[in-house]
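[1] I would like to see how this sequence folds:
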Amino acid sequence: MKQRKSIIPILAFNESLAVVGAMLLFWAMERGPVSLVSTIISSRPIFVIMYAFILSRISPMFLEWQPGRVMLALRLLAITMIVGGIAIIYLT
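    Numbering: from 1, shown residues only. Coordinates of the predicted model:
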């Protein structure tokens, strides 16, 4: 029960960020072209990988991140594929 009480503020903060993010998404769609907004929103995996890399460097126990050049190259390839796909969709 003690652990449950300590996680509630973290969950509340997380949900608050989700609500703010949704509000900003709708605001951006209202003010600009939806195609541009959806393209920018689709780049979210890039930031997830980037933040995971940073967190794994700060606190290795936080994430189960496999170290090594091969895995880093694979992740960079995945980022390149994501950005390339977004660019193709946006340019067509």
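
[2] Please count neighbours and contacts with C-alpha atoms only from this point.
    Fine.

[3] helix, strand or coil for the residue nearest the centre of the chain?
    Nearest to the geometric centre of the chain sits Val48, at 3.2 Å (C-alpha atoms, centre = their mean). Secondary structure for Val48, judged by DSSP: H, G, I helix; E, B strand; the rest coil, is helix.

[4] how much space is there between it and Leu36?
    Noted for Val48: a distance of 20 Å to Leu36, by C-alpha to C-alpha, to the nearest Å.

[5] same thing with Val19?
    According to C-alpha to C-alpha, Val19 stands 21 Å off from Leu36.

[6] and the helix ranked longest in the chain, what other elements does it pack with?
    Identified as the longest helix of the chain according to DSSP state H is helix 2-31. Identification of packing neighbours for helix 2-31 by 3 or more C-alpha pairs under 8 Å, 6 or more residues apart in numbering; DSSP states H and E yields helix 34-41.

[7] Averaged pLDDT, the helix it packs on. What do you get?
    Here helix 34-41 scores 81 as its mean pLDDT.

[8] Name the residues that touch it?
    Helix 34-41 has contacts (C-alpha atoms under 8 Å, 6 or more residues apart in numbering) with 25, 28-29, 86, 89-90.

[9] what packs against whichever strand or helix holds Gly85?
    Taking DSSP states H and E as the criterion, Gly85 maps to helix 69-91. Applying 3+ C-alpha pairs under 8 Å, 6+ apart, we find helix 69-91 packed against helix 34-41, helix 44-58.

[10] Those into a markdown table, with extra columns for distance to Leu77?
    Shown next, in a markdown table, are these (distance: least, C-alpha to C-alpha, whole Å):
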| stretch | distance to Leu77 |
| --- | --- |
| helix 34-41 | 19 |
| helix 44-58 | 11 |
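
[11] can you tell which of those is closest to Gln3?
    Closest to Gln3 of the helices and strands packed on helix 69-91 is helix 44-58 (C-alpha to C-alpha; 22.6 Å).

[12] Quick check: buried residues in that closest one?
    Residues of helix 44-58 classed as buried by neighbour count (16 or more other C-alpha atoms under 10 Å): 46, 52-53, 56.

[13] residue ranges with poor pLDDT in the protein?
    Scanning the chain for pLDDT under 70 picks out 1-2, 65-67.
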